[in-house]
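Asks: With the input below, show me the fold.
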Amino acid sequence: MFEQGAHTHRREDRAHLSAVSGIDPDTSESLLHRTALGDEDAFAMLYDRTAPRVYGLCLRIVRDPAQAEEVAQEAMVEVWRTATRFDERRGSANAWITTIAHRKAVDRVRSAQASVDRERRVASTSAEIEYDQVAEAAEGRLEHRQVRRCLKTLTELQRQAVTLAYFGGHTYGQVATLLDSPVPTVKSRIRDGLIKLRDCLEAAR
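Replies: Numbers count the residues shown, from 1 in each chain. Below you'll find the predicted structure:
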């Protein structure tokens, strides 16, 4: 009841803001600013609005559906983690999110290519290992290790909910069914888990 009432008040607040200022509170820019304040509902709306475009961009770059889905999820987690860095004066929210996704996808392709090149060089005794490529691959492995380490700091329910939603691509409703929990509880676990995950990753940098 409280959760439903809170949602109703937020909708009324957004409607009031739109009527008074003429500003649509549900633009991507507004949603991103609210995401930066930890508003999980705003992030969910932003996710639903931008995730298909992010996935399509990643697929065009990495050319593998499974990897594209993984990179898209990483990009959306990065959007949540770094939402406070968005500056509307420098471009639109959609462009900012697309830039993050593009960088993640290109990094994945470069990392994969570096791995292939490294294997070829190992097979050829006359080949030299270039420092930049090794460092790039090592950085990618380090980031994955940090994510896994930070996931271990979450509670079991938080870890399950975050993993299913943002690494498994499930909707709130699907996560609630899989965990046999109410949707409001799942949303709360995901919100708290992502905040804790973001803080842990920021501290590791």
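
Asks: tell me the contacts of the closest residue to residue 84 other than its chain neighbours?
Replies: Closest residue to residue 84 apart from its sequence neighbours, by Cβ to Cβ, 6 or more residues apart in numbering: residue 36 at 4.4 Å. The C-beta positions use only the backbone N, C-alpha and C, and glycine is treated the same way. For residue 36, the contact set (Cβ atoms under 8 Å, 6 or more residues apart in numbering) comprises 83-84, 86.

Asks: Most neighbours among the residues you listed, please name it.
Replies: In terms of neighbours by other Cβ atoms under 10 Å, the contacts of residue 36 top out with residue 83 at 24 neighbours.

Asks: Can you tell me how far the spatially closest residue to that residue that is not a sequence neighbour is from residue 43?
Replies: Take residue 83 and drop its neighbours on the chain: the residue closest to it by Cβ to Cβ, 6+ apart is residue 36, 3.8 Å away. Applying Cβ to Cβ, to the nearest Å, the value for residue 36 to residue 43 is 10 Å.

Asks: cool, and residue 73?
Replies: Counting by Cβ to Cβ - residue 73 and residue 43 are separated by 13 Å.

Asks: can you list residues touching both of those two?
Replies: Joint contacts of residue 73 and residue 43 (Cβ under 8 Å, 6+ apart) do not exist.

Asks: pLDDT below threshold where in the protein?
Replies: 1-25, 114-144, 166-167, 204-205 (pLDDT under 70).

Asks: Tell me where it has helices.
Replies: Along the chain, counting by DSSP state H, helices occupy 2-21, 28-36, 40-62, 65-82, 93-123, 131-151, 156-162, 172-179, 183-204.

Asks: Which elements pack onto the shortest one?
Replies: Pointing back at helix 156-162 there. Contact here means 3 or more Cβ pairs under 8 Å, 6 or more residues apart in numbering; DSSP states H and E; on that basis helix 156-162 packs against helix 172-179, helix 183-204.

Asks: All set now, cheers.
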